[in-house]
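Asks: Prediction below, plus the sequence it came from.
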There are 2 protein chains.
Amino acid sequence: MKIVTCIAPVNIAVIKYWGKRDDELILPINDSISSTLDAKSGANMCAKTTIMASPNFKDNKLWLNGKEENFDAVRLQNCLKEIKKRINPIGNKEDIINWNIHICSENNFPTAAGLASSAAGYACLVFALAKLYNIEGDISGLARRGSGSACRSIYGGWVKWCKGESLDGSDSLAVQLAPTSHWPDMRIIILVVNESRKKHSSTNAMKTSMSTSTLLATRAETIVPARINNMEIAIKTKDFAKFAELTMRDSNQFHAICLDTYPPCFYLNEVSHSIIEFVHAYNDFKKSTQVAYTYDAGPNACLYTLENNVSELISIINEVFPTSASREEYIKGIRVKTTELSQV
Amino acid sequence: MKIVTCIAPVNIAVIKYWGKRDDELILPINDSISSTLDAKSGANMCAKTTIMASPNFKDNKLWLNGKEENFDAVRLQNCLKEIKKRINPIGNKEDIINWNIHICSENNFPTAAGLASSAAGYACLVFALAKLYNIEGDISGLARRGSGSACRSIYGGWVKWCKGESLDGSDSLAVQLAPTSHWPDMRIIILVVNESRKKHSSTNAMKTSMSTSTLLATRAETIVPARINNMEIAIKTKDFAKFAELTMRDSNQFHAICLDTYPPCFYLNEVSHSIIEFVHAYNDFKKSTQVAYTYDAGPNACLYTLENNVSELISIINEVFPTSASREEYIKGIRVKTTELSQV
């Protein structure tokens, strides 16, 4: 019997992934860039996976957050199939390849609420499987088969998922642009507006965008390539104002594409809108860009800011929102979390 | 002394105008199509303008909704300047051109709430001035100088504002595509979600979109021209399903462009989102497209449907929304109005 346990953190995209050129292989239509959250502390958002392999297990089994799930799920099977191709028989003395496995995975944060739970989950699963079977080399392409953005959680710090060109997806991999230590005072504040599961799964919504949005091709072919270049420069030179503007514009454009989808997908609610307006007002007041927002497929905000702003910003956020009495029901749900980037 | 009184109705765009190629002349970057509401009945949304000209008036004066406003406002002056160029001295026996005027204009619906108040207002003003000075021929180009979309309210039924090509704007005019009688069972239901003035004036927001949205050029140059052709066919053939899908997609894309603007503009609130979801659910349930939504620069919905759906639809709308207790504060504000198209 062999047991491995891993944790993998969430990543927060600053240039968004939206749209696949190959649904089966999970190949995106544009590059994306994210930062990976710190997973050192149990307080932060991460997934934890334990895998046991034993010659005595009669079946393969899977538990997600304590609930048994179907082991035959397509994406899990795709991951396992690709992983088994990479197993080096010499590196595994025992007959472990033929043993059944039990997988237990849990998130310490809401699942499917637009907080990249599947990214952390699949990154963790693949990381644990790679450890179980002694797989060497890049495993971001394996994580991608579980959930596209999971490939970015394989690396720490600043990570780019290169869309790749080949039809088989062999070059659609994540690379680290810079380690966390490159920009040590960068912080992320998560504002949890709503923890419920999203109405539209990202996979389905992305597919509908691909087939109906008449603006998505322009975004993927023209706008994102320029933004990726500019974002790489902003990160490299630690130009916060440039980084922040690109981050906010790209978040807005991703949600614009969701609106241009037919029928449209709404992920932002009125509290999300208020947080966006607050961030612009705060930056205007400061006469320089001190904070950026970004939203994935849900209403919860991720704010990027530098360490010296964190305490003031959190105080103001806690002050500003409850003043609107009619919104109290939503605001009560906002949980503020601050986190450093990952040191993976 | 000479007095004229006119009324002019609101128009509801189905292919939206957003973005100017010339701010001064109010020349748009794309064609747009709308229907003009019926102004026969005082119950419907329209503007009413009375103009008095007298050799005894010491000053020019302007009242909007009972409040005196600045007569030197740029757009009013631009309208007057252009109108005076068109005056035929032979048609005006008296020295009326040199008399001062008093203008009283009022809307019977909320101003600046994204319900095309300025379109009706300027169309009415220009119509009244043209009557005062016996101006003949097309006056849509004159109305355009007051508020772009006002040019479409000059005609009844289905109207297209051709963006034009010339630099002086002489060919940026409205034309009637079809009279109301062409599609006699078409109805519009207005759902007033919020009557307050919008946060972002359309003029400023449009200007910010022009300078910051990286998707707007694709919309104006590629997407709208194809939609205009398809919409003309849908109206000509009275193909409601096609008409409705184009209307909804174009409304969504206009709001997508607002989101892609930096900083972003939000005109839709959560009630607007719910109405959109309701319309898609209703059409799905009916297994055919029976109703379309469209939103201008505000949260209020305009629904297009055919006469045979109106009573059922209004009953269901009144049932569906109040069931969500947490939204009651907004829902109370919804006023349902049904109207026919204009017979101007």
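Replies: Yes, it's here.
Asks: after the helix or strand where residue A:281 lies comes which helix or strand?
Replies: Using DSSP states H and E, residue A:281 falls within helix A:270-286. Moving toward the C-terminus from helix A:270-286, the first helix or strand encountered (DSSP H and E) is strand A:291-295.
Asks: re the thing from before, tabulate the CA atom coordinates of the helix holding residue A:281 in CSV.
Replies: Included here for helix A:270-286 are C-alpha records, laid out as CSV according to Å, rounded to 0.1, in the frame of the first residue of the first chain:
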residue,chain,number,x,y,z
GLU,A,270,-24.8,44.6,-7.9
VAL,A,271,-22.4,44.1,-5.1
SER,A,272,-19.7,43.1,-7.6
HIS,A,273,-20.6,46.3,-9.5
SER,A,274,-20.3,48.4,-6.3
ILE,A,275,-16.9,46.9,-5.5
ILE,A,276,-15.7,47.8,-9.1
GLU,A,277,-16.9,51.4,-8.6
PHE,A,278,-15.3,51.5,-5.2
VAL,A,279,-11.9,50.4,-6.6
HIS,A,280,-12.0,53.1,-9.3
ALA,A,281,-13.1,55.7,-6.7
TYR,A,282,-10.3,54.6,-4.3
ASN,A,283,-7.7,54.9,-7.1
ASP,A,284,-9.1,58.3,-8.2
PHE,A,285,-8.9,59.5,-4.6
LYS,A,286,-5.3,58.3,-4.2
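Asks: got the angle between it and strand A:291-295?
Replies: Here the directions of helix A:270-286 and strand A:291-295 differ by 160 degrees (axes from the mean of the first three to the mean of the last three C-alpha atoms, to 10 degrees).
Asks: Residue A:131 versus residue A:174, what's the distance?
Replies: 18 Å (C-beta to C-beta, to the nearest Å). (C-beta placed from N, C-alpha, C; glycine too.)
Asks: Please say which of those two ends up with more neighbours.
Replies: Neighbours per residue, other C-beta atoms under 10 Å in any protein chain shown: of residue A:174 and residue A:131, the larger number sits with residue A:174, 27 against 15.
Asks: List the contacts of the closest residue to that one other than its chain neighbours.
Replies: Spatially, and ignoring its direct neighbours in sequence, residue A:174 is nearest to residue A:140 (3.8 Å; C-beta to C-beta, 6 or more residues apart in numbering or on different chains). Neighbouring residues of residue A:140 by C-beta atoms under 8 Å, 6 or more residues apart in numbering or on different chains: A:151-152, A:154-155, A:161, A:173-174.
Asks: repeat that for 7 Å
Replies: A:151, A:154, A:173-174 (C-beta atoms under 7 Å, 6 or more residues apart in numbering or on different chains).
Asks: Closest to residue A:216 out of those residues?
Replies: residue A:151 (20.9 Å; C-beta to C-beta).
Asks: On the three-state scheme, the closest one is what?
Replies: What DSSP: H, G, I helix; E, B strand; the rest coil gives for residue A:151 is helix.
Asks: Surely it is in contact with residue A:144?
Replies: Yes: assessed by C-beta atoms under 7 Å, residue A:151 is found in contact with residue A:144 at 4.0 Å.
Asks: Mind checking which of those two has more residues around it?
Replies: residue A:151 (34 against 30).
Asks: count of neighbours near the nearest residue to residue A:70 once chain neighbours are set aside?
Replies: Take residue A:70 and drop its neighbours on the chain: the residue closest to it by C-beta to C-beta, 6+ apart is residue A:62, 7.3 Å away. Under the neighbour criterion other C-beta under 10 Å, residue A:62 is assigned a count of 19.
Asks: Quick check: phi and psi at residue A:62.
Replies: Main-chain torsions, residue A:62, degrees, to the nearest 10: phi -140, psi 130.
Asks: beta partners for it?
Replies: residue A:69, residue A:103 (DSSP bridges).
Asks: Identify the residues contacting it.
Replies: Residue A:62 sits in contact with A:68-69, A:71, A:76, A:103, where contact means C-beta under 7 Å, 6+ apart.
Asks: try 8 Å
Replies: A:68-71, A:73, A:76, A:102-103, A:105.
Asks: Would you tell me which one of these comes nearest to residue A:277?
Replies: residue A:105 (37.3 Å).
Asks: nearest residue to the closest one other than its sequence neighbours?
Replies: The nearest residue in space to residue A:105 (C-beta to C-beta, 6+ apart) is residue A:49, at 4.3 Å.
Asks: Run the contact check for stretch A:277-297 versus chain B.
Replies: Yes: against chain B, stretch A:277-297 shows contacts by C-beta under 8 Å from any C-beta of the partner chain at A:277, A:280.
Asks: Give the buried residues for stretch A:220-229.
Replies: Neighbour counts over stretch A:220-229 (16 or more other C-beta atoms under 10 Å in any protein chain shown) mark A:220, A:223-224, A:227-228 as buried.
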